[in-house]
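Student: What shape does this take:
(one chain, ligands or ions: 1)
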Amino acid sequence: MCGIVGYIGKNEKKQIILNGLKELEYRGYDSAGMAVMKDGELSFFKAVGKLENLAHKCHDFLSEGEGLAIGHTRWATHGKPNEINAHPHLGEYSCVIHNGIIENYKELKDKLLKENIEFLSQTDTEIIVKLFEFYAQKMDLFNAFKKSIEELKGAFAILLISKKDENKVFFAKNGAPLIVGKNSQKEFWFASADAPLIGFCDEVIYLEDLSLGYASKDELVIYENGILKNNTFVKLNNDKSYAQKDGFRFFMEKEIYEQSRVLNEVLMGRIKGDEVVFDELENENLTAIDEITLCACGTSYHAALVGMYLLERVAKIKARVEIASEFRYRKALIKKDSLFIVISQSGETADTLEALKIAKAEGAKTFAICNVDNSSIVRLAHLSLLTRAGIEKGVASTKAFATQVLTLWMFAIFIAQKKALNVNEEIKALLHTPSCVVVKQILHDKIHRLSKRYLDGHGFFYIGRDVFYPLALEGALKLKELSYLHAEGYPAGEMKHGPIALVDSKLYTIALMPENLLYEKTKSNVEELIARDSTLLSISPLDFDLSDDFIKTSKQNHFMCEFFEMMLITQLLAMEISIRLGNDVDMPRNLAKSVTVE
Ligand code: F6R
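Tutor: Numbering: from 1, shown residues only. Next up is the predicted model:
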């Protein structure tokens, strides 16, 4: 979610770091910072907001000559996006940058606080440098670094430099990407993605998880799982657009493939034993709330609908959903003691923001589920939870939807726990969800092949029941946005009340038929459509001979695991149809990523 760059060499370090961060800025731009070590002097700069603010701050600083530098662009996960929380984080004589989340930072911080070590920021990252300097009192720097890293739980890519060894960059990688590059002048570079290295490095090492080591002007030492490695560099692919998309054809495709990782990030640090823990909500009395309103637009509205089903089923709390553009003018009644949840990827959607203002003015407790810290919506709401999807570049939302649904499900479980309801099965299923959205090549190939049969027709009906109804709505929206074909999402049981009149062989039905929720009921509804000759693509773990096309999903024990797998299939299907039609997948016509107008 953040971007990291590092450099050891004699060229102008400030500019190298700024240029590198520019390539990564789309991954996070809440704040940026850099530290430069030259002639034993450590200089550092931090700025809130876009990279240009950092460039402005260090405008007069020059850093030519042998030395080293590290830089970071931030997407806030712990602590507000202010200067104190920006990286690098400083100890007395060292500093660190980090991408990822340290799950056990609270325990480590408590341990260091007992040693009278002081903290300035609210971040998880600061504990790394403080832990390092704590151990460095007792052992050499590399062992202090190693010992610190061994104590971290979670995902991280880390660069650390110290005045006590002005020639070395210490690095560690686990669960977040980190690359070491080398150029013809034998200088070493570091980055969290290929893009900053292209044009500057010829060869790279993509570090594996559980790697750590150090680099200096003439030396690169890498340990993997405690074992010293041979430094085997591979040639760097020099195509920049390929690098930004990590080899995928479109940002949307990349974001679909990222979903398993981002769902892990949503869970990270929020499941302790068999409980959902939200530090942000620790001091709130949520059991006193007897009604929840969820409000959003577009895809986020579909996530809100899923949230409504889950809040009522899992947390036994009354919930309703509002489309923000409708809500803001309909003089809706809001109970003073109710909770008003707004859901937004961007945090800037005008209708959602306005609905939030209205609910707040009416005295409701307001709560934002949002992907962008410090966005207008997060700043305005009383409470907020970040969805941790990272920047979503594809205009059609994919991973943001996945993280919204997962966060809402966790929130429902969180309330259920407070009410002492049994949520053991939910927790087991929750932990399993990241594996349900891993894209298997065989599945993607099959959807690619099937897509050629769905390029025309006079319409698509996506149908499902319960939470699979909002998923049907979302599947249809993805297809509409990307293929420009008419598609509707409908509750499976509602087709017979009118839309069935449209059915013939050129009406395509995409049926979501999970095994663990109302299978027989959905099947009957689908059979009614087949009887009228609709062309049917069914998605289910159970074979269904009447289908024209069939995508078999995995056997699962919980309907939400089926939900996430089917979500993935609908996203891939929409994308593959769009590619065949020659449309612009990442920027479909007439759309914008953040709708800040009414
Ligand atoms: C569809 C899509 C939009 C957004 C909607 C709300 O793929 O992305 O429907 O979901 O414009 O945007 P946010 O979530 O930023 O409030």
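
Student: how close does the closest residue to Asp218 other than its chain neighbours sit to the ligand?
Tutor: Excluding the flanking residues, the one nearest Asp218 by Cβ to Cβ, 6 or more residues apart in numbering is Lys186, at 7.8 Å. To be clear about C-beta, it is placed using only N, CA and C from the backbone, and glycine gets the same treatment. Here Lys186 is placed at a distance of 46 Å from the ligand (Cβ to the nearest ligand atom, to the nearest Å).

Student: Who are the contact partners of the residue most central in space within the chain?
Tutor: In the chain, the centroid-proximal residue (Cα atoms, centre = their mean) is Ala389; its distance is 1.6 Å. Counting by Cβ atoms under 8 Å, 6 or more residues apart in numbering, Ala389 makes contact with Val262, Gln345, Asn371, Lys399, Ala400, Ala402, Thr403.

Student: List phi and psi for it.
Tutor: Dihedral pair for Ala389: phi -80, psi -20, per degrees, to the nearest 10.

Student: and what of Gly9?
Tutor: The phi/psi pair for Gly9 (degrees, to the nearest 10) is phi 170, psi -170.

Student: Likewise for Cys436?
Tutor: Taking degrees, to the nearest 10, you get phi -80, psi -20 for the backbone angles of Cys436.

Student: Gly100 too?
Tutor: Phi and psi for Gly100, reported as degrees, to the nearest 10, are phi 130, psi -160.

Student: Correct me if wrong: it contacts Ala157.
Tutor: Yes: Gly100 is within contact range of Ala157, at 6.2 Å (criterion: Cβ atoms under 8 Å).

Student: any common contacting residues for the two?
Tutor: Common neighbours of Gly100 and Ala157, using Cβ under 8 Å, 6+ apart, are Ala176.

Student: still on that earlier bit, the contacts of Ala389 also near the ligand: which ones?
Tutor: Gln345 (Cβ under 6 Å from any ligand atom).

Student: Let's have the contacts of Ala389 in CSV, adding secondary structure and neighbour count.
Tutor: What follows is the contacts of Ala389, written out as CSV (DSSP: H, G, I helix; E, B strand; the rest coil; neighbours: other Cβ atoms under 10 Å):
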residue, secondary structure, neighbour count
Val262, helix, 25
Gln345, coil, 29
Asn371, coil, 27
Lys399, helix, 29
Ala400, helix, 27
Ala402, helix, 29
Thr403, helix, 25
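
Student: between the contacts of Ala389, which is closest to the ligand?
Tutor: Proximity of those to the ligand (Cβ to the nearest ligand atom) peaks at Gln345, which lies at 3.5 Å.

Student: quick one: pLDDT of the residue nearest to that closest one when sequence neighbours are not counted?
Tutor: The spatially closest residue to Gln345, leaving aside those adjacent along the chain, is Ala400, at 4.0 Å (Cβ to Cβ, 6+ apart). Looking at Ala400, its pLDDT reads 97.

Student: One more: the one 10 residues further on?
Tutor: Listed pLDDT for Met410 reads 98.

Student: Ser241 too?
Tutor: Turning to Ser241, the model gives it a pLDDT of 66.

Student: Lys593 now?
Tutor: Confidence at Lys593, expressed as pLDDT, is 67.

Student: again, but for Ile510
Tutor: pLDDT, Ile510: 96.

Student: Around it, how many other residues sit close by?
Tutor: 27 (other Cβ atoms under 10 Å).

Student: The closest residue in space to it that isn't next to it in sequence: which element?
Tutor: Leaving out its chain neighbours, the residue that sits closest to Ile510 by Cβ to Cβ, 6+ apart is Tyr462, at 4.6 Å. Taking DSSP states H and E as the definition, Tyr462 sits inside strand 459-464.

Student: With Asp373 instead?
Tutor: Here Asp373 is covered by no helix or strand, with elements defined by DSSP H and E.

Student: What about the closest residue to it other than its chain neighbours, how many residues nearby?
Tutor: Nearest residue to Asp373 in three dimensions, chain neighbours excluded: Ala76, at 4.1 Å (Cβ to Cβ, 6+ apart). The tally of other residues near Ala76 (other Cβ under 10 Å) stands at 22.

Student: Which residues are in contact with His72?
Tutor: The neighbours of His72, taking Cβ under 8 Å, 6+ apart as the test, are 2-5, 21, 32-34, 86-88, 97-99.

Student: No further queries at this time; thank you.
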